[in-house]
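**Q** coordinates only, sequence not included:
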């Protein structure tokens, strides 16, 4: 495998809330030796409030505009792993930017596993008001997520290290084909 300096660009992790984008993203960026960017955390830091409060205070449209701005700001990194918000990849403008600037990976986690992972933290998620509503949102977003460069199905008990390793293998294969 080539070293981090040969890493060809940016990796954008997409998937539903609770899919593990942040956790896997941190592990992947460490193994690749490149920066990690979490779009939701970046927005929270800039707004000085949680995503839930951003939605309540400014509304979803304001949030989506900031999200697109933060996403486009990742172009300054020659190489990076970027954890997208759960809805980022559902917008054509964002998908087009990602296609132009890197590769996308959908962390495909079954909804039942996501619901278990979120559990009591559901109250912190602006789009997880009920399990039924979240499932409907998950199913509505699924076709967009499946437009990613790669789909990585994540097993219920699969470790973060294993998932990051599988993504790195996909990237390595992509490097070798270039």
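**A** Cool, got the structure. Keep in mind it's a predicted model, so treat the numbers as computed, not measured.
**Q** so is residue 65 in a helix, a strand, or just coil?
**A** Secondary structure, DSSP: H, G, I helix; E, B strand; the rest coil: residue 65 is helix.
**Q** Check residue 16 too.
**A** Classification of residue 16 by three-state DSSP places it in coil.
**Q** Compute the number of surrounding residues for it.
**A** 25 (other Cβ atoms under 10 Å). No exception for glycine: its C-beta is placed from N, CA and C like everyone else's.
**Q** was I right about it contacting residue 140?
**A** No: taking contacts as Cβ atoms under 8 Å, residue 16 lies outside contact range of residue 140: 10.4 Å.
**Q** Setting aside sequence neighbours, what's the nearest residue to residue 11?
**A** Leaving aside its sequence neighbours, residue 11 sits nearest to residue 81 (Cβ to Cβ, 6 or more residues apart in numbering; 4.9 Å).
**Q** Distance of the one you found relative to residue 173?
**A** 17 Å (Cβ to Cβ, to the nearest Å).
**Q** Can you list the low-confidence ranges for this protein?
**A** Counting by pLDDT under 70, the chain contains low-confidence ranges at 1-8, 119-129, 175-178.
**Q** Start from the N-terminal end of this protein and give the helices.
**A** 21-32, 39-47, 51-58, 60-73, 92-101, 111-118, 131-145, 160-177 (DSSP state H).
**Q** If you compare the directions of the last one and helix 21-32, what angle comes out?
**A** Angle, helix 160-177 to helix 21-32, by axes from the mean of the first three to the mean of the last three Cα atoms, to 10 degrees: 60 degrees.
**Q** Buried ones in helix 160-177, by neighbour count?
**A** Of the residues in helix 160-177, 163, 164, 166, 167, 168, 170, 171 count as buried by neighbour count, 16 or more other Cβ atoms under 10 Å.
**Q** Need those in TSV (columns: distance to residue 30).
**A** Formatted as TSV, these follow (distance: Cβ to Cβ, whole Å):
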residue	distance to residue 30
163	13
164	8
166	15
167	13
168	11
170	17
171	14
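**Q** tell me the most buried of the helices of the chain?
**A** Across these, averaging neighbours per residue (mean count of other Cβ atoms under 10 Å) puts helix 21-32 on top, at a mean of 20.
**Q** Check the spacing between the residue lying closest to residue 161 once chain neighbours are set aside and residue 72 real quick.
**A** Distance criterion Cβ to Cβ, 6+ apart; nearest residue to residue 161, sequence neighbours excluded, is residue 27 at 6.2 Å. Residue 27 sits 25 Å away from residue 72, going by Cβ to Cβ.
**Q** Which strand in the protein has the most residues?
**A** Counting residues, the longest strand found in the chain (DSSP state E) is strand 102-108.
**Q** report the angle between the axes of that strand and helix 92-101?
**A** Here strand 102-108 runs at an angle of 120 degrees relative to helix 92-101 (the same axes, to 10 degrees).
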